[in-house]
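> I need the structure of the sequence given here:
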Amino acid sequence: MKYDVIVAGGGWGGCAAALEAAVQGASVVLLERTDMLPGTGLAGGIMRNNGRFTAAEEMDALGAGALFALTDSISRHKNIDFPGHRHAWLYDVGKVSGVLERTLAESGVHIVYGSRIIKAEMDKERLKAVISAEGTRYEGKVFVDATGTAGPMGECARYGNGCAACVLRCPVFGGRVSLCGLAGVKEKAGRREDGGTGAMSGSCKLMKESLSAGIQKELEEAGAALVPVPDSLREDHLSAKACQQYALPEFARQLVLLDTGHAKLMAPWYPLRKLRCIPGMENARFEDPYAGGKGNSIRFLAMAPRENTLQVKERPNLFCAGEKAGPMVGHTEAIVTGTLAGFNAVRRLRGKSLLTLPGSLACGDIIACAGEALEQEQVVGKYTFSGSAYWERMQRMGLYTTSREEVEKRVEEAGLTGIFAEK
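As a prediction, the model looks like this:
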């Protein structure tokens, strides 16, 4: 089978890359090793919080607002606040897969589920084709690696607490395989501040019906519930989390629960025996990961060296998106990188110059900052529009705004209004 653009990995980054490449008129196949989209977006659900609002509005002004409109349309709660975060929108993780699948299919993206890439055919430095575990050969002109950086099971055992039966579902569909790795690219692993390798996913889900009636009501009505934790039952996970925007003291002193369809517990794990001693949580049970009382997936194990165009270095027809593109955390961040990767993949296909988003836009600035981090011997920091060091940078540089008019002006001044929507 032959395609213009082959995208490996159906998380938010891969979906954004496939959609943008299709918008640009290319024939596109999206290869996803599991049976659902969009990867960790099945367990996430948080959009538009803090600087992610600015980034979403930038992408809309750039002509790539479709996926943000999609999550907006299935949001259970809008403009809610929780510790350290303002004006968050929470989409329904139970609805996102079907809605996203239909959106991509209607745009002309061919989706192949259960397709785990195990081999890459090369022509010198260029990718020529990929072969899936079931033996299907996909020949392409340009490729996008959005396979992520988490797992497989052995890595979660080596650097974490073992397989927690998380949303990646490696035992059923096989562990993550890196397209960049198959193409001979030397990837980099992130480091924690304590010197450990990678970082642990930042949240897990509780069955909402297992919580007290009072907590359920608060979640349904307000979108968030804060449950005080006695000193003797506290767990300190702050330094282990990939999502450093939630590494705040408020998340240790209390359980922060968000309503994304399930009750999203903002902690990578919580011992079930301790959890059930907290008032209102006596019958609590985990949804995903099912072993959430012990651990979660380990991420940032395979990031690709790349240009700010998201072309992988020394591989002229290979681009990267999502966490593969550097230590960036979050759905919004993945959609930003995926869109640029898909756009530039088609630019390369047409023989045109590649686009680098300017630093006058938050979307361009974060890609450049994460790119600089990848150049370091050890990649320690994490970058996200919604918290930690990059969120502080956004505010310091005056990039954060909730004004649609201001965002449109910045994009217009950069000469990029609607560029991602142009054929």
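> just for the stretch 1-150 of the chain, where's the confidence low?
Within the stretch 1-150 of the chain, no range satisfies pLDDT under 70.
> helices of the stretch 201-350 of the chain, start to end?
With DSSP state H, counting those that start in this stretch, the ranges of helices along the stretch 201-350 of the chain come out as 213-222, 250-253, 272-275, 331-350.
> what residues of the longest one count as buried?
Residues of helix 331-350 classed as buried by neighbour count (16 or more other C-beta atoms under 10 Å): 331-349. C-betas here are computed from N, CA, C, even on glycine.
> where among the helices of the stretch 201-350 of the chain is the average confidence lowest?
Ranked on mean pLDDT, the bottom entry among those is helix 250-253, at a mean of 77.
> related to what we said a few turns ago, for the helices of the stretch 201-350 of the chain, which one sits closest to residue 233?
When the helices of the stretch 201-350 of the chain are compared by C-beta to C-beta, helix 272-275 sits nearest residue 233, at 4.9 Å.
> follow-up on the earlier one: could I get the helices of the stretch 201-350 of the chain as TSV with distance to residue 193?
Listed next are those as TSV, based on distance: least, C-beta to C-beta, whole Å:
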stretch	distance to residue 193
helix 213-222	32
helix 250-253	16
helix 272-275	25
helix 331-350	20
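> check contacts around the closest residue to residue 77 other than its chain neighbours.
Excluding its sequence neighbours, the residue lying closest to residue 77 (C-beta to C-beta, 6 or more residues apart in numbering) is residue 223, at 3.1 Å. Residues counted as contacts of residue 223 (C-beta atoms under 8 Å, 6 or more residues apart in numbering) are 76, 77, 80, 88, 90, 258, 259.
> for the third one, give the beta-bridge partners.
Counting by DSSP bridges, residue 80 forms beta bridges with residue 88.
> residues near it, how many?
Residue 80 has 20 neighbours, counted by other C-beta atoms under 10 Å.
> now it: how far from residue 124?
Counting by C-beta to C-beta, to the nearest Å, the gap from residue 80 to residue 124 is 52 Å.
> could you list the low-pLDDT ranges of the stretch 151-300 of the chain?
Residues of the stretch 151-300 of the chain meeting the criterion pLDDT under 70: 237-248.
> can you give me the strands in it?
With strands called from DSSP state E, counting those that start in this stretch, the stretch 151-300 of the chain shows them at 199-200, 204-206, 224-228, 254-259, 263-265, 286-288, 298-299.
> starting at the chain centroid, how far to the second one?
If I follow you right, that is strand 204-206. Its chain's C-alpha centre and that of strand 204-206 lie 17 Å apart, by C-alpha atoms, centre = their mean, to the nearest Å.
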